[in-house]
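1. Sequence first, then the predicted structure:
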Amino acid sequence: MKHQDILNAILDELDSIPDHPVTNLISGSHIVAVESARLGIATWAIGKHPLPADYLPEKNLPESAKKLARFLLSPDPIRASLGMAAVNSLLPDPPAGELIDRNASDLILEYGKGKNVAVIGHFPFVEKMGDQFAQFWVLEKYPRPGDIDAGQSPDVLPQSDLVAITATTLANGTLGEILSHVSSNAVKIMVGPSTPMARVLFHMGFCALAGSIVSDKPTAQICIASGCPFRMVKGVTHVLWGGGKIIFP
């Protein structure tokens, strides 16, 4: 599936949701937040963090959250990140009965133990679990020690039984190409604060969406505005949505 088609499918899911005015925009050096129906957040999908001050977004933004959400289609990762946060400000919370009571790293361990596992994006949990798998790869555009360059995806991903993909790939334009290298039999999980709670992603083969919902708006806003990376942001609840699935393939 082409990357643009993935983004359009997510935006199409907003068609049945009422539009809301954008009432606030909080721009931190790691995260951007858009407030409309709720406070939606996204990680800046550009280079290394923290984001330089001169990269911060334009001032004159659409007042409509749906119009701002369409920035997700932009090739500019700053505008696309704004669009991702706007999408997340409109999408409703997942049904409580479809949430999975565990975190993303536990799920990766459960379904990846003894198998070949690839994680796209250097999440904090990757440093604790590599010895649990037959083969373990962390692919990064800016590799840290132990990571491999994201350019090796075509070689690594077809071998992977489980692939955990940072949701930042939606805003940086790479998800379509990544999925083209993933086996149709692999367990696919989307991970990270940008993850949209969009049911259409299950139709694209994702087994779970591991994202976050803002539970304490004032606290989260203060943390984001002060430049906290996501792991230090308070006032958010981590959620793992299985889309009604009981057993993954």
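-> Yep, it's here.
2. can you tell me how far the most centrally placed residue in the chain sits from Ile10?
-> What sits nearest the mean C-alpha location of the chain, by Cα atoms, centre = their mean, is Ala167, with 2.3 Å. Between Ala167 and Ile10 the distance, using Cβ to Cβ, to the nearest Å, works out to 11 Å. To be clear about C-beta, it is placed using only N, CA and C from the backbone, and glycine gets the same treatment.
3. what's the overlap in contacts for these two?
-> Each of Pro196 lies in contact with both Ala167 and Ile10 under the rule Cβ atoms under 8 Å, 6 or more residues apart in numbering.
4. if I look at Gly40, how far off is Ala198?
-> Plainly put, Gly40 is 12 Å away from Ala198 if you go by Cβ to Cβ.
5. actually Trp44, not the one I wrote
-> Spatial separation of Trp44 from Ala198 under the definition Cβ to Cβ is 20 Å.
6. all helices of the chain, in order?
-> 3-12, 65-69, 77-90, 104-112, 153-156, 168-171, 175-181, 200-203, 217-225 (DSSP state H).
7. sorry, back to before: from what I can see the residue nearest to the centre of the chain touches Ala198, true?
-> No - with contact defined as Cβ atoms under 8 Å, Ala167 does not reach Ala198; the gap is 10.3 Å.
8. What residues are bridge-paired with the residue nearest to Phe133 when sequence neighbours are not counted?
-> Of all residues beyond its chain neighbours, the one nearest Phe133 is Val117 (4.5 Å), with distances taken as Cβ to Cβ, 6 or more residues apart in numbering. Using DSSP bridges, the beta-bridge partners of Val117 come out as Phe136, Leu162.
9. Give the full set of residues in contact with Val117.
-> Contacts of Val117 were listed using Cβ under 8 Å, 6+ apart, and they are Ile108, Phe133, Gln135, Phe136, Trp137, Ser160, Asp161, Leu162, Val163, Ala164.
10. just Gln132 next, same as before
-> Applying Cβ under 8 Å, 6+ apart, we find Gln132 in contact with Leu109, Gly112, Lys113, Gly114.
11. before we move on, back to that, is it possible to mark the buried ones in the contacts of Val117?
-> Applying 16 or more other Cβ atoms under 10 Å to the contacts of Val117, the neighbour count classes Ile108, Phe133, Phe136, Trp137, Ser160, Asp161, Leu162, Val163, Ala164 as buried.
12. Just send these back as a markdown table, with distance to Gln4 too.
-> Compiled in a markdown table, those are given as follows (distance: Cβ to Cβ, whole Å):
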| residue | distance to Gln4 |
| --- | --- |
| Ile108 | 28 |
| Phe133 | 33 |
| Phe136 | 31 |
| Trp137 | 27 |
| Ser160 | 24 |
| Asp161 | 28 |
| Leu162 | 26 |
| Val163 | 21 |
| Ala164 | 23 |
